[in-house]
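Student: Sequence first, predicted coordinates after that:
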Amino acid sequence: MPNLRNLKDKQAFWDASAVVPLCLHEDASSRARQIMRKHPQHVVWWGTLAEAHSAFTRGHRKGVLSTKDKEFAIRHLQSFSSSWKVVDPNQKLLNLAIQMLDDYPLRTGDALQLAAALYWCGEKPHRKTFVCFDDRLAEAATDIGFQVLTA
């Protein structure tokens, strides 16, 4: 029987900013893959798939991503998302997100990400891993008590 402690140690909450480099070849990709090897069990919020897809579409519209690169990224995103544990929206999460907006200089999506992470860990972030490549969100997550892994 697997050791439950070891399984939990491999779990981490992944912000969309850290998921995107797993699907593309960019500066933060090697760091994201390194973290993924240590924490292969992704927990994400309900909107992560849409947020990452939006990043690829935005990159394509701006001419930063070719059509081929965008399609590659979306295929990888679909593959990764099949094994994610997803924190679904609910009233408690919404209330936590509103509190995050009052307490930290976050955008709505980031507040929802952080609220989902708090919900996932039962509002006990000590020794829980939060993977985030966005400086403002990483700072708020650190302040709350998560062990934050960045690019």
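Tutor: Sure, I can see it. These numbers come from a predicted model, not from an experiment.
Student: Any stretches of the protein with poor pLDDT?
Tutor: Within the chain, the stretches with pLDDT under 70 are 1-9.
Student: Leu96 reaches Ala115, doesn't it?
Tutor: Yes. The pair Leu96 / Ala115 is scored as a contact, 3.6 Å apart, by Cβ atoms under 8 Å. Just so you know, the C-beta spots here come from the backbone N, C-alpha and C atoms, and that holds for glycine as well.
Student: Which one's more surrounded, the two?
Tutor: When Leu96 and Ala115 are compared on other Cβ atoms under 10 Å, the one with more neighbours turns out to be Ala115, at 25 against 20.
Student: quick one, phi psi at that one?
Tutor: phi -60, psi -40 (degrees, to the nearest 10).
Student: Make residue 1 into 19 and carry on from there
Tutor: Got it, the first residue is 19 from now on, which makes the last one we talked about Ala133.
Student: Would you confirm that it contacts Asp120?
Tutor: No. Ala133 is beyond contact range of Asp120, at 11.8 Å (criterion: Cβ under 8 Å).
Student: how about stretch 59-70: buried residues?
Tutor: 60-63, 65-67, 69-70 (16 or more other Cβ atoms under 10 Å).
Student: With only the CA atoms kept, save it in CSV.
Tutor: Extracted in CSV, the C-alpha atoms of stretch 59-70 (Å, rounded to 0.1, in the frame of the first residue of the first chain):
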residue,chain,number,x,y,z
GLN,A,59,0.2,15.6,-8.9
HIS,A,60,-1.4,18.8,-10.1
VAL,A,61,-4.2,20.5,-8.2
VAL,A,62,-5.7,23.4,-10.1
TRP,A,63,-8.7,25.7,-9.9
TRP,A,64,-11.6,25.2,-12.2
GLY,A,65,-10.6,28.0,-14.6
THR,A,66,-7.0,27.0,-15.2
LEU,A,67,-7.7,25.2,-18.5
ALA,A,68,-9.4,28.4,-19.8
GLU,A,69,-6.7,30.7,-18.5
ALA,A,70,-3.9,28.6,-20.1
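Student: which helices and strands does the helix or strand harbouring Leu132 pack with?
Tutor: According to DSSP states H and E, Leu132 maps onto helix 126-138. With contacts taken as 3 or more Cβ pairs under 8 Å, 6 or more residues apart in numbering; DSSP states H and E, helix 126-138 sits against strand 29-32, strand 59-63, strand 103-105, helix 109-121, helix 153-162.
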